[in-house]
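Q: Quick one: sequence and predicted model below, then my questions.
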Amino acid sequence: MKNLPFTQNISTPTRLRLRITAAAESAVRSGHPWIFSDSVLESNRAGQTGELAVIYDRKDRFLAVGLFDPDSPICVRILHAGKPQTIDRAWWQARLEQTLGRRRDLFDAQTTGYRLIHGESDGWPGLVLDRYDATLVLKLYTAAWLTRLADTLALFKENVPGKRIVLRLSRNIQTAAEKQYQLDDGKIVFSQHAGSETGAPIIFLESGLRFEADVLRGQKTGFFLDQRENRREVETLAQGRRVLNAFSFSGGFSVYAARGGATAVTDLDISAHALAAAQRNFALNQNFPGVAACRHDIAQGDAFEWLAASAAKFDLVVLDPPSLAKRATEREGALRAYERLATLGIARLAPDGILVAASCSAHVPAVEFFEIIRRAAAKSGRKFTELKTLRHPPDHPANFKEAEYLKVIYLRFVM
């Protein structure tokens, strides 16, 4: 596959030119960043993965330009719409400066783990970049970036401080990447300093707490950075409470709850590897009196089964499962599962208990998810008050429908 440079003049006669359906035109004009392959009516030639595709409307006027990926159902990911622009290195530099500028005042020295680039919603379609202290993790979701990877890495190295960059790929593009790079299960480390390659977890700060991130093998890019605001919220609610953190992963909610004054926390997860990480994260924060004083229990098992079988009572229950609807056809089943999970969680609540229910399923809209949890609460026969709902944190903006995935609801039960 030919390596494509950052600078590509979109007015050249040989540029890939596409015409799309009227519905797709309307979507692009309204700001939607995707063009699906079945929306393409005609093209002037076959395109290469990663080259720029120029979209024209029905009156032969420039509409947009984006990254082309002929092997994906999303065949064009829009970079720019409106008036024509030259997509050169200066353009990419300006876009990166704008993206980093939106994070400039979000975090202080007490938080060194956060998202720097959030894909389409930041104007970098199919690409995310996370910071974990001195390590950057670049994750790609389209093969269109592979042909311009060298230029992209150079741009990041020049503008984003860090000792190393770890590249991670979504499963759907690993085969394409293996043709160009020697990858270890879709991961490769590009280091700026000799000897910095390591398989050991990275330690970073979040709100002053220390956490480890397994940037090579961990879920997502190594940690669930998007739940930061909810972890902070749980900390404010935890004083004097017994806390259950179901689907705990590496125990982020639990460490916050302990610092907030929880008397005991239980991490529940099906993965022994995740629970071991939770224990290490607890150990990393023993300098905080609340964490040192809090009893930390672990329970390994399927959360649905454990909740159904347990007779234990808790004062705060966090339900943060992995996505229960990875595709649209799974939405109805996911809604039933969320209701059942909420019902089980409510049954484990002591009087004056608080339920924190989260969903990261993009195919389950927030309005439906919140109504499902409220319905489970009403069916319990217990009186409850809705404290709040939260959505995406500021470093994970969601600027179009398909990007909206995270939603969390807080309910307090009085009996």
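A: Ah, there it is.
Q: so which helix or strand takes in residue 277?
A: Following DSSP states H and E, one finds residue 277 within helix 272-284.
Q: Look through the protein and tell me its longest strand.
A: strand 349-359 (DSSP state E).
Q: Show the secondary-structure elements that it is packed against.
A: For strand 349-359, the packing partners by 3 or more CB pairs under 8 Å, 6 or more residues apart in numbering; DSSP states H and E come out as helix 228-237, strand 314-319, helix 331-347, helix 366-379, strand 407-413. Yep, even glycine has a C-beta here, placed from its N, CA and C like the rest.
Q: Show me the contact partners of the shortest one.
A: With contact meaning CB atoms under 8 Å, 6 or more residues apart in numbering, strand 314-319 is reached by 234, 237-238, 240-247, 253, 257, 262, 266, 303, 341-342, 345-346, 348-350, 352-358.
Q: Let me have the helices and strands packed on strand 349-359 in JSON lines, extended by mean pLDDT and distance to residue 132.
A: Putting the helices and strands packed on strand 349-359 into JSON lines (pLDDT from 0 to 100; distance: least, CB to CB, whole Å) gives the following:
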{"stretch": "helix 228-237", "mean pLDDT": "98", "distance to residue 132": "13"}
{"stretch": "strand 314-319", "mean pLDDT": "98", "distance to residue 132": "23"}
{"stretch": "helix 331-347", "mean pLDDT": "97", "distance to residue 132": "30"}
{"stretch": "helix 366-379", "mean pLDDT": "98", "distance to residue 132": "28"}
{"stretch": "strand 407-413", "mean pLDDT": "98", "distance to residue 132": "23"}
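Q: among the ones you listed, which is nearest residue 291?
A: Of all these, helix 228-237 sits nearest to residue 291, with 11.0 Å by CB to CB.
Q: Quick check: next helix or strand after that closest one?
A: Sequence-wise, the next helix or strand downstream of helix 228-237 (DSSP H and E) is strand 242-246.
Q: Okay, now the sheet partners of that next one, with direction.
A: strand 264-269 (parallel), strand 314-319 (parallel) (DSSP bridges).
Q: Which other helices and strands does the helix or strand following it contact?
A: Per DSSP H and E, the first helix or strand lying C-terminal to strand 242-246 is helix 252-259. Contacts defined by 3+ CB pairs under 8 Å, 6+ apart place helix 252-259 against strand 209-213, helix 228-237, strand 242-246, strand 264-269, helix 272-284, helix 289-293.
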